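Visitor: Could you work out the structure for the sequence below:
(chains A and B)
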Amino acid sequence: MAGMQEAIDAAATRLDAHVREIVQWHFSESTGTPFWLARREALGFDPLQDVRTVADLARFPLFDGEVLRTEPHESFVPRAYLGRPFTIFETGGTTGMPKQRIGWEDYKLDYEQFSETLSDASFPRGGYWLMVGPTGPRRLRLAIEHLANHRGSSCYFVDLDPRWVKKLIVARDFDHAKAYMRHVIDQAACILEKRHVSALFTTPKLLEELSERLSIPGAGIRGVFCGGTTMTPQTTRFLVEEVLEGAVDFVPTYGNTLMGLAAHKKSLREDGYSISYYAPQPRALLRVVDFDDVNKTVDYDAWGRVELTTLTREFFMPRFLERDEALRRRPCADYPWDGVGEVRPYGAEAQKIVEGVY
Amino acid sequence: MSEAIHIPVLRGGETYASLDRVELASPRDGRVLATISQANAGLIRRDLKRLPERAAALRAVPTRELLAMFKRAGELFLNASLPIDDEGRTQSPDEYVALLSETSGLPHVLCRRNMQKIFTVFDEVDAILRGLTRGMDLSVIDTGFGEHCGVPVAYYPTTEALGVVLPSNSPGVNSIWMPAIALRTPVVLKPGREEPWTPLRIVRAFLAAGVPKEAFHFYPTDHEGAATILGACGRALLFGDEKTTAAYAGKPEINLHGPGRSKIVIGDDVVDAWPDFLEALVASVADNGGRSCINVSTIFVSRHADAIARALAEAVSAIEPTEATDPSARLSAFANPRFAEWIDESIDAGLAAGGARDVTAELRSSPRRVEVAGSMYLRPTILRCDRVDHALARTEFLFPFTSVVEVPQKDMVAALGPTLVLTAITRDKAWIRELAQCRSVDRLNLGPYPTSRAEWDQPHEGNLFEFLYQRRAIQRAPAWD
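Guide: Sure thing, here's the model as predicted:
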């Protein structure tokens, strides 16, 4: 236990130092970001002086995600990056004007860091990958390809447009939604049948559909990296035991364009298939906050709203309330900081949330 | 019952304990009586791909043997302690009745009456099959070929399984799917949220009697799971309100069981003798706690409506809510008290709009909605509506509720609308011909039979044999066996 506490303390110290560095970066005249520099005066505190630890981030108001739809991209270019072309990434299934985040190298760093959590046996270096899911303007598409490349592999892609699926479901046009799903699965099955693929990235629903077409281990897949929608313990168990026939390494992930990628605690069976995710600290920080008082963190194993803080030199986004709720999880050996468990859409218990067929 | 029972999923007869469970609590005191494993839609979809092999296991048993198993299963259902969970715990008939009453609101006496009704299906399945097949030699089901009334016949199954999305309101509805097993068709059951007890006990009785386990799939599940069952079984029965069933209207592979809106019409030729029929009218209103789709919702007469409504009101207003264990109980409590509140408010709103009056209001000893021993009841209610298109006429609620409307006999057929059971009390042959040709009536009772009286050789709401088997033309060359 002493070792664990030391690891927790060390991670916290490292996080405090990182918070100071990133806040200094975004608020200093030489490197700062126009968006934050313009708001510095109105904050009511001096970020350069007053933000020393992660606790001091509470002085920032909640981040208004709408600015990612309305502000010009240039507002989010740190002065240190002036003149460097950037990539524009958009959030997943949003219809209408999407939230957009600009970036340079963050997605590569995030996925290289994540690569360290993958086993070489399940995601063999040099083997081919297949991604079946939302590509288009999403960070995920480039990130998966970079992850494959980083591991000496190349990746095939089959696209699924979640915005179209969402429209079909809202219109209750289930026949077309199913036809579109078949179209996607047809393409994926074709690749798996004709090429030697060893690793797969997809969403839970698509994985399940694909398994009804062919045996996933039988197709040569050794590792599945999966995310995008809710996975209850029962869904996870079903995917591991039946869809993957207990013969494929299952790596659930939680992430989005604004955060990057949270890894899971590798003890699914022991944890009753209840998935716990851990943010890529110190580059991103997840908290589970009280539904009614977002300044309070909930107790361990209690439900609350997921709050994300992104802390990179490319992007500083303090205290953004995600559209998700989760259980607050304890630190673990691999990730000595708080995690989020059984993530699901905010209000999922109270109303039916359209997550789409993807 | 000190400790909550765990009700598992059954996958081709094999128990499966899901990680996703919902609690079933007593509406009276909130005690958790059971935790129910929930099947995710993907699991159901995956299982249903194996239906051909599972149907083959059931179809390996000759029909005659299945009929003998039905008899044994009936005795077990009625009298034996049967497995309830996946850990060897059993449930006696008394425990079944107590739990069913606790979660459904039905008094014990009505639970036992429904139990008897289900036993009858087990015990008289051969008569039921005769009714469904119009007396055909049952070996035709085994071999696919045979002769009926001197004509060669051939039948083939339309599906590998019958999907059934069940309600929670009355255990008796399970009698509708049970003959499918005798027709060598596996069943895929989604129990109602508050009533897993009856379908599970029926399945356990079948298993104990030796019916192949592969024939039984029991999936407590959510809307997505229910939609999977309805979409993936070649034939399905769906019980539910209009909102639930509307999405599946026009699909011949799904047999819809919505509100019954059963009715009684009394002809001009006999209406002056209406007191002679009062007993049948009262039974039609109040049998089975007034909760069935075969309870009458509207009575049409051309005259004496006020007197009939008054006499009916006097009879049913004497029915008092009692404790569930009272052997004379005739009313059911509401498992969801808010539902009782909603119904009560809907009736009051309809009355406030004018054109109808609650004849029972001045006769009963308490308000319509009352709480007795911690349970919510709605007392029997008879309305006298001025016109057939009044919002409360031809309306069905989940308690003894009927409106009496005066309609000229010549207009009655046109005024019926969808009617699960029509009791026509008349000897007017011309009018009987007109009623017999009415397409909106499912079952026609001629004479003073309560709408609630069922005869097993007279299937209503579709013929299960014709739903599960299709006739094909057959010609066989002489001596070509």
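Visitor: Roughly how far does the closest residue to residue A:37 other than its chain neighbours sit from chain B?
Guide: Excluding the flanking residues, the one nearest residue A:37 by CB to CB, 6 or more residues apart in numbering or on different chains is residue A:27, at 6.7 Å. The C-beta positions use only the backbone N, C-alpha and C, and glycine is treated the same way. As judged by CB to the nearest CB, to the nearest Å, residue A:27 and chain B stand 47 Å apart.
Visitor: Quick check on residue A:27: phi, psi?
Guide: phi -110, psi 0 (degrees, to the nearest 10).
Visitor: And it, what's its pLDDT?
Guide: For residue A:27, the model assigns a pLDDT of 97.
Visitor: pretty sure it is in contact with residue A:36, am I right?
Guide: Yes: using CB atoms under 8 Å, residue A:27 is in contact with residue A:36, at 5.7 Å.
Visitor: Just give me the neighbour total for the residue nearest to residue A:37.
Guide: Look at residue A:27: counted by other CB atoms under 10 Å in any protein chain shown, it has 21 neighbours.
Visitor: cool, residue A:51 as well?
Guide: Residues within reach of residue A:51, counting by other CB under 10 Å, total 24.
Visitor: Please apply the same query to the one 10 residues further on.
Guide: For residue A:61, the count of nearby residues is 12 (other CB under 10 Å).
Visitor: For it, which non-adjacent residue is closest in space?
Guide: Of all residues not flanking residue A:61 in the chain, residue A:319 sits nearest, at 7.3 Å (CB to CB, 6+ apart).
Visitor: separation between that neighbour and residue A:62?
Guide: Distance, residue A:319 to residue A:62, by CB to CB, to the nearest Å: 5 Å.
Visitor: Same drill for the two, tell me which one is more crowded.
Guide: More neighbours surround residue A:319 than the other of residue A:319 and residue A:62, with 19 against 13 (other CB under 10 Å).
Visitor: you'd agree that one is up against residue A:63?
Guide: Yes: assessed by CB under 8 Å, residue A:319 is found in contact with residue A:63 at 5.5 Å.
Visitor: In the chain, where is pLDDT below threshold?
Guide: Defaulting to chain A. Scanning chain A for pLDDT under 70 picks out A:1-2, A:92-95, A:349-358.
Visitor: please go with chain B instead
Guide: Residues of chain B meeting the criterion pLDDT under 70: B:1-2, B:456-461.
Visitor: For the stretch 51-200 of chain B, which residue gets nearest to chain A?
Guide: Using CB to the nearest CB, residue B:51 is the residue of the stretch 51-200 of chain B that sits closest to chain A, at 13.9 Å.
Visitor: Pretty sure residue A:90 sits against residue A:102.
Guide: No: using CB under 8 Å, residue A:90 makes no contact with residue A:102, being 10.7 Å away.
Visitor: Residue nearest the middle of the chain, spatially speaking?
Guide: Went with chain A since none was named. residue A:255 (0.6 Å; CA atoms, centre = their mean).
Visitor: Let me rephrase: I mean chain B.
Guide: Short answer for chain B (CA atoms, centre = their mean): residue B:173, at 2.6 Å.
Visitor: what sits against that one?
Guide: Neighbour list for residue B:173: B:166-167, B:239, B:257 [criterion: CB atoms under 8 Å, 6 or more residues apart in numbering or on different chains].
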